[in-house]
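*Asks:* this one's structure only:
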């Protein structure tokens, strides 16, 4: 109790518990214990049948908050010793019966509701599965040395974020870029020519300066190659932004841009290189006809029909007809090297050899030991050029192979 000789000041306070408010009288000499007893009595929390046991206040289940601080149920605490406040104070009571606490503690958790830790584990597992997703077969991934190092979608346009939009989300664009990079035909081309591309990105279909300049010139830009393969951008979306362009069209655009790694101009050398890479792409999927991925062949996943795989030369020549006409060229001008490359691919397929391996034009297997894939490709190109020159030389008489 206070040792002051002056009389304690009495004033009114408001006790609030579960939406109910009660006014009680206290004084500057009221202790924390007294305040707890008053609150329990006012709100009917005292049970006289328990005798002296009612004095044992459960500090965990009964709390009094005054000015944001807890008032302990002890005799040495004087919450109002500084005098009566100018405004009627409001004191919050927080109480839970021990029986309610025990009832909740003994309840079994709802198996349909995940806890925070379980939710975190589920998110981590989902992210891990997402990072390991395979667009083709599990073993059909990019080559560890010759590959596209990074991928970038057109995130600044916020495609697919608005509820009224039908255009595919950025996540779908990223999956499409990853699918292109892991396409077995593209992987074979990259490995055969030892290509490394810094970034494979999505071309901005709305605000791309190069595309706008090309459109002003009457053309249509579907992709471009920056600094000889440092970055390749492809226009993934249709002009109305409602969907992605057909997958075979995207593949042709990607191979087109890969051909620019060596030749910038659209001359005969460029189209020869493009046609040879396209034939390698088609033959790679033709060799995988017996490989089933999620119930389909790789050719079906790539949107290739049987007619294309069975008539590679005709398919490529028809494609080049429209492409080369824009540049004043005709595919008949490069038919010989294309046919030669297709014959090499057929021979490799018959003998079970990979792209870039030894061919009939090299004297023995020992001649290819220590040669890289790029050196083998260059040797094959030089051999084809020599054979083409011999066939065009009238003084040269062909020999049996």
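*Replies:* Yep, that arrived. None of these values were measured; they are calculated from a predicted model.
*Asks:* alpha carbons only for contacts and neighbour counts from here, please
*Replies:* Fine.
*Asks:* for whatever helix or strand residue 178 lives in, what is the average pLDDT?
*Replies:* Using DSSP states H and E, residue 178 sits within helix 170-182. Averaging pLDDT along helix 170-182 yields 92.
*Asks:* Now do whichever helix or strand comes after that helix: which elements does it pack against?
*Replies:* Next helix or strand after helix 170-182 toward the C-terminus (DSSP H and E): helix 184-193. Where contact means 3 or more CA pairs under 8 Å, 6 or more residues apart in numbering; DSSP states H and E, helix 184-193 is packed against helix 268-287, helix 373-392.
*Asks:* quick one: buried residues of the helix holding residue 178?
*Replies:* By 16 or more other CA atoms under 10 Å, the buried positions in helix 170-182 come out as 170, 173, 174, 175, 176, 177, 178, 179, 180, 181, 182.
*Asks:* Likewise for stretch 276-296?
*Replies:* Under the neighbour-count criterion of 16+ other CA under 10 Å, stretch 276-296 has 276, 277, 278, 279, 280, 281, 282, 283, 284, 285, 286 buried.
*Asks:* I'd like to know how many residues surround the nearest residue to the third one once chain neighbours are set aside.
*Replies:* Counting by CA to CA, 6 or more residues apart in numbering, residue 278 lies nearest to residue 255, which is 7.0 Å off, once chain neighbours are set aside. Using other CA atoms under 10 Å as the criterion, residue 255 is surrounded by 19 other residues.
*Asks:* residue contacts, residue 255?
*Replies:* By CA atoms under 8 Å, 6 or more residues apart in numbering, the contact list for residue 255 reads 186, 274, 277, 278.
*Asks:* Tabulate those in a markdown table, adding columns for distance to residue 314 and pLDDT.
*Replies:* What follows is the contacts of residue 255, written out as a markdown table (distance: CA to CA, whole Å; pLDDT from 0 to 100):
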| residue | distance to residue 314 | pLDDT |
| --- | --- | --- |
| 186 | 21 | 96 |
| 274 | 15 | 95 |
| 277 | 15 | 95 |
| 278 | 12 | 95 |
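*Asks:* Nearest to residue 136, out of those: which one, please.
*Replies:* Distances from residue 136 to the contacts of residue 255, taken as CA to CA, are shortest for residue 186 (12.4 Å).
*Asks:* The closest one against residue 180, yeah?
*Replies:* Yes - with contact defined as CA atoms under 8 Å, residue 186 reaches residue 180; the gap is 7.3 Å.
*Asks:* returning to that earlier point: least reliable of the helices and strands packed on helix 184-193 going by mean pLDDT?
*Replies:* Out of the helices and strands packed on helix 184-193, helix 373-392 stands lowest, with a mean of 58 (criterion: mean pLDDT).
*Asks:* quick revisit: hang on, the residue nearest to residue 278 is in a strand, isn't it?
*Replies:* No - secondary structure of residue 255 (DSSP: H, G, I helix; E, B strand; the rest coil): helix, not part of a strand.
*Asks:* ok so, going back, of the contacts of residue 255, which is the nearest to residue 304?
*Replies:* Nearest to residue 304, judged by CA to CA, of the contacts of residue 255 is residue 278 at 12.5 Å.
*Asks:* residues contacting that closest one?
*Replies:* Here residue 278 is in contact with 252, 255, 316 (CA under 8 Å, 6+ apart).
*Asks:* Distance of it relative to residue 197?
*Replies:* Distance, residue 278 to residue 197, using CA to CA, to the nearest Å: 18 Å.
*Asks:* One more: residue 276?
*Replies:* Counting by CA to CA, the separation of residue 276 from residue 197 is 19 Å.
*Asks:* same thing with residue 64?
*Replies:* Taken as CA to CA, the span from residue 64 to residue 197 is 68 Å.
*Asks:* The two: which is more packed in?
*Replies:* residue 64 (23 against 20).
*Asks:* all strands of the chain, in order?
*Replies:* 10-17, 20-27, 62-66, 69-70, 90-95, 148-152, 197-202, 223-226, 231-234, 292-293, 296-297 (DSSP state E).
*Asks:* quick check, distance from the fourth one to the centre of its chain.
*Replies:* Shown here is strand 69-70, whose average C-alpha point lies 49 Å from the average C-alpha point of the whole chain (CA atoms, centre = their mean, to the nearest Å).
*Asks:* Just checking: what are the partner strands of that strand?
*Replies:* strand 62-66 (antiparallel) (DSSP bridges).
*Asks:* Could I get the contacting residues of residue 84?
*Replies:* When contacts are counted by CA under 8 Å, 6+ apart, residue 84 touches 9, 10, 11, 27, 28.
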